[in-house]
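Asker: My questions concern the predicted model and sequence given below.
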Amino acid sequence: MGSSSEVHFSGFHMDGFEKREANTEQPTTSATDMYNQPFIIGVAGGAASGKKTVCDMIVQQLHDQRVVLVNQDSFYNNLSEEERARVQDYNFDHPDAFDTEELLRVMDKLKHGEAVDLPKYDFKSYKSDALRRVNPSDVIILEGILVFHDPRVRELMNMKIFVDTGPFASFN
């Protein structure tokens, strides 16, 4: 298996996970029950901890499922002119750096089978200027350094993965 500082992937399988389709056979079903909610996986960890690698491994294992990756980085607050002038002092690793309300709004729409426009944060202008269209999916992976911080975001998740590779990890 190798040393303990290497990434270990024990195998993520969703045996019995069937393709989710709308249930249209029961006329008494309410409109809000016409879909099955997606399986939401939260992946958190420090900067450069290997979150992206873990997310890529999950996506590979779920190759038959519709999977969407939502990055918490997309939800950084736009910086004011004053904040941009002192960007070296701005703490991007603080919960207040994120627009958690917008993240919750987007996740709620995805959870209810709606397509959304995800913001694309530009780290040169420190603003979200573009949007990326994301369609409903079977599995949503929500990745970021602080996705477990807010209890409302945590409650959305069916599975939580914390990535801690240690100080001497190597992905070679």
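Answerer: Alright, I've got the coordinates. Bear in mind the structure is a predicted one, so any value in this text is a computation, not a measurement. Numbers count the residues shown, from 1 in each chain.

Asker: now the protein, which segments are flagged as low pLDDT?
Answerer: The chain contains residues with pLDDT under 70 at 1-35, 166-172.

Asker: who touches the residue lying closest to Arg133 once chain neighbours are set aside in this structure?
Answerer: Spatial nearest neighbour of Arg133, excluding adjacent residues (C-beta to C-beta, 6 or more residues apart in numbering): Asp117 at 5.7 Å. To be clear about C-beta, it is placed using only N, CA and C from the backbone, and glycine gets the same treatment. When contacts are counted by C-beta atoms under 8 Å, 6 or more residues apart in numbering, Asp117 touches 131-134.

Asker: most surrounded residue in the residues you listed?
Answerer: When the contacts of Asp117 are compared by neighbour count (other C-beta atoms under 10 Å), Val134 ends up highest, at 18 neighbours.

Asker: Next, name the residue at the spatial heart of this structure.
Answerer: Per C-alpha atoms, centre = their mean, the C-alpha nearest to the average position across the chain is that of Leu142, at 1.2 Å.

Asker: Was I right to think it contacts Gly42?
Answerer: Yes. Between Leu142 and Gly42 a contact is recorded at 5.1 Å, counting by C-beta atoms under 8 Å.

Asker: which residues are common contacts for these two?
Answerer: 153, 156-157.

Asker: Same list, those residues, but as CSV with secondary structure please.
Answerer: CSV is the format used below for the shared contacts of Leu142 and Gly42 (DSSP: H, G, I helix; E, B strand; the rest coil):
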residue, secondary structure
Val153, helix
Leu156, coil
Met157, coil
